[in-house]
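Peer 1: Sequence and predicted model, in that order:
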Number of protein chains: 2
Amino acid sequence: MNSISIVQLLSNAPIGENVCVKGWVRHFRGNRFIALSDGSTIKTLQIVLDFENMEEDILKQITTGACLSVEGELIASQGKGQALELNCTKLEVLGTCDAESYPLQPKKHSLEFLREKAHLRPRTNTFGAVLRVRHTLSFAVHQYFNTKGFFNLHTPIITGSDAEGAGEMFGVSTLNKKDIPLTENGEIDYSQDFFEKETNLTVSGQLEAELGAMGLGKVYTFGPTFRAENSNTARHLAEFWMIEPEVAFADLDDNMDLAEDFMQNVIGYTLKACKDDLEFLQNRLTDEEKSKPQNERSDMPLLEKLEFVTSNNFKRLSYTEAFDVLRNSKPNKKKKFQYPITEWGMDLQSEHEKHLVKHFGCPVILYDYPASIKAFYMRLNADGKTVRAMDILFPGIGEIVGGSQREERHDVLLQKMKDLNIDPEELWWYLETRKYGTCVHSGFGLGFERLVLFVTGMQNIRDVIPFPRTPGNADF
Amino acid sequence: MNSISIVQLLSNAPIGENVCVKGWVRHFRGNRFIALSDGSTIKTLQIVLDFENMEEDILKQITTGACLSVEGELIASQGKGQALELNCTKLEVLGTCDAESYPLQPKKHSLEFLREKAHLRPRTNTFGAVLRVRHTLSFAVHQYFNTKGFFNLHTPIITGSDAEGAGEMFGVSTLNKKDIPLTENGEIDYSQDFFEKETNLTVSGQLEAELGAMGLGKVYTFGPTFRAENSNTARHLAEFWMIEPEVAFADLDDNMDLAEDFMQNVIGYTLKACKDDLEFLQNRLTDEEKSKPQNERSDMPLLEKLEFVTSNNFKRLSYTEAFDVLRNSKPNKKKKFQYPITEWGMDLQSEHEKHLVKHFGCPVILYDYPASIKAFYMRLNADGKTVRAMDILFPGIGEIVGGSQREERHDVLLQKMKDLNIDPEELWWYLETRKYGTCVHSGFGLGFERLVLFVTGMQNIRDVIPFPRTPGNADF
């Protein structure tokens, strides 16, 4: 008999029919009730055994983690907690699971412990839910852009240019580290390396995405990016996925409109598609926060927070306006900020971003930042001191999106690069787009794991990617 | 006035309305007719100028590659070749383009030349079409798996295990190459590297995908993979994108069913969604093949070939059956094969794969390969000498999909690893999935660029990825 997934069973509910289900045992109690999971949904299917007529040997093999094939009649459940159950008529143990040594015992494990067992954690409720939500967000991203006429552009992972300056990079090489070839001048002889020059893992696909937008109009990237920074925080990964749309003929206002619509759409789609998983994650978060002092708990339950973000406009204000709000804020006057708000032009810290979000009670878009704290490719405003940059700040997360209108004027861009000691020769191809049919264009970057953190309510970025890469950790 | 994309204009055709269009000049003839492209479609919009009432200075700036904003009334076209044209009432040159130095002249450029100009080639008809088709195939992949209940799993790019043995790997490191730290024994001291061990770029996400399938049931990866092989061929890239579904409870027959349905579905979706682009690419291919001898040309025009693949069952036969077909074939008997078919167990070459596809006149699935020529994780058949592997062979491409049922038996897998000198300690996490609730499962891998090659009819894999990485080439 062909098997059917539990999510299909629960949605079709063919009561009275004989079906076959395959999955893993979550619990087995009273020698009678098995909670079976197949990963298709957070819900388990209750299997009811006629244990008095079953072999003792088989019953003994039904332990947490064992893999089963079960046939039987689907009936309306007598018990509470589920609508359906399967009256087992045939049971086969596909794979046993030693109850003593199996790391996932039928109890709550710490997230830290489960990180060490990343090969097994997709079998838990929490990680099953996180990974299904992650998938749904990923699909929503592709669907949104496809519907809006964007083309997915696969920008390179290995890059020969290190001009973007977004952070420390990982070197990529086939040179024998025990015998690095040197030139006559004692420099590394990269002509003998695979690409015949120094190469690194990309920190961003933006510059290449701009090349795509200058021909295709609207493009987006969705791929892995890398930072070799020794940051052991709950917000940083050495390898993470980034989404970077880039749009020809779009100015900063268009860019903010796109980013807001995109975030609301993607989160809204996931809210609908992952209701069961998000309810589970909401309860998980509420439980976890019970041990925290009141002022460290979330302002709203998870689902309410997501609804709120999808149905309220984001507050837009300039860096200068935000600077004034922060300077006049209570925490600043009472010297509660670790970094006091002093001079216009200073970079805003996480504590400031969080204050702004709390102050306005909604996601905030800041724009027109001081040029000195932003990247070389952002368009200079007429005031000569601010650039057309924008950051979106989310409750509990802080900065989640960073974008800008790009400097489309060849002379201004070239001067900026020279001022910042960026070699124009390195980026000849980038400069040429400003020489040949240049136009106003804009884009933004969204760290995908930050979005997954926000939507799942998880607290550590290592828990929203299947196999996290951090300093000292490249297991699995 | 807000601008509208050309693809929207052509599909809505709001004749009589005033619209604004922004794009790049492809041609300008007779001081009167501009062919404008915005990348949203292969089609250009004809702009008709009232040149007698325009400033000479502006007219001079309308050159190939220049970026324009044009307003005017949309009218039914008088000329042939298009249904609509725009009667220009207002024109602004957003970005000029020096006609002398612009690399993309209004003539046919060789694909080799355009590879050197990869930053500009999305602006050409051929690469615009290829990149739109590539996007559509990519979206079709996500849509197919999402609809079928698969979860997209982002498997790691940087990996600490090199046990899969799929090919040469790129090293990833933050060690200073000029001063590599050594241990007391003279070995490289990886404890000082970022991940505190030797790491490489992944060659496949399969092993990690299996971990996901053992919890979530059905997963797929779609990400970049890497081979540091010095292959300068039209079929190899150092960096390419791979799709790898993995399904719990699926045997090899299920796997072949999935792969066939998947390929037909994805190609079928793209056929419908990219008709204009594929017609252009079909004509391009036909033109290109005119200079080739008859026997080197395609058997069918591009669209007919794609229709054929989506509407005919793939021929399935075992390696042993294929071996007999090949041994008794004309080219073998006439010693036309470079590698004669001699002994059962030999690996099949590209020439053999091509012969089989021609012989059966359709895509072919070969299965049950000799164990000695396949990877360690493939399930051993009862005969003890073949494994449950399958390859799909496509016309003109050869192998496009490779997959297998995985060895789910702990003892058999462990023995196989020992026989092949694969350290079980290295893959402890992989082995544990066979220890705790193991089950039959299968999956396959599809090199995404091979699929794009097949669907676009392009001949060189460097021309179906935006910025190709090959030996000595990591530009842009």
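Peer 2: Yep, that arrived.
Peer 1: Next, work out how far apart the residue in the stretch 201-350 of chain A positioned nearest to chain B and residue B:127 are.
Peer 2: The nearest approach of the stretch 201-350 of chain A to chain B comes at residue A:215, 3.1 Å away (CB to the nearest CB). Every C-beta, even on glycine, is put in place using the N, C-alpha and C of the backbone. In this view, residue A:215 and residue B:127 are 7 Å apart by CB to CB, to the nearest Å.
Peer 1: Touching both of the two, which residues are there?
Peer 2: Counting by CB atoms under 8 Å, 6 or more residues apart in numbering or on different chains, the shared contacts of residue A:215 and residue B:127 are residue B:121.
Peer 1: re earlier: confirm the residue of the stretch 201-350 of chain A closest to chain B sits in a helix?
Peer 2: Yes - under DSSP: H, G, I helix; E, B strand; the rest coil, residue A:215 sits within a helix.
Peer 1: So the nearest residue to it once chain neighbours are set aside: helix, strand or coil?
Peer 2: Excluding the flanking residues, the one nearest residue A:215 by CB to CB, 6 or more residues apart in numbering or on different chains is residue B:122, at 3.1 Å. For residue B:122, the assignment made with three-state DSSP gives helix.
Peer 1: Quick one: residues contacting residue A:208.
Peer 2: Residue A:208 neighbours (CB under 8 Å, 6+ apart): A:153, A:155, A:156, A:221, B:466, B:467, B:476.
Peer 1: returning to that earlier point: can you report how many residues neighbour the residue nearest to residue A:215?
Peer 2: Using other CB atoms under 10 Å in any protein chain shown, residue B:122 has 23 neighbouring residues.
Peer 1: same deal with residue A:318?
Peer 2: Using other CB under 10 Å: residue A:318 sits among 15 other residues.
Peer 1: swap in residue A:108?
Peer 2: Neighbours of residue A:108 under the rule other CB under 10 Å: 11.
Peer 1: just residue A:260 next, same as before
Peer 2: Residue crowding around residue A:260 was assessed by other CB under 10 Å; the count is 18.
Peer 1: Name the helix or strand for it, please.
Peer 2: Here residue A:260 sits within helix A:252-273, counting by DSSP states H and E.
Peer 1: now that helix, how far from the chain's geometric center?
Peer 2: A distance of 15 Å separates the centroid of the chain from that of helix A:252-273, by CA atoms, centre = their mean, to the nearest Å.
Peer 1: Most widely separated two among the contacts of residue A:208?
Peer 2: The span of these, defined through CB to CB, is set by A:221 and B:476 at 13.7 Å.
Peer 1: So between those two, which is more surrounded?
Peer 2: Neighbour totals were compared for residue A:221 and residue B:476, and residue A:221 leads with 25 against 22 (other CB under 10 Å).
Peer 1: contacting residues for the more buried one?
Peer 2: A:152, A:153, A:154, A:155, A:205, A:206, A:208, A:209, A:242, A:243, A:244, A:245.
Peer 1: Can you tell me the closest non-neighbouring residue to the fourth one?
Peer 2: For residue A:155, the nearest residue in space outside its immediate sequence neighbours is residue A:205; the separation is 3.2 Å by CB to CB, 6+ apart.
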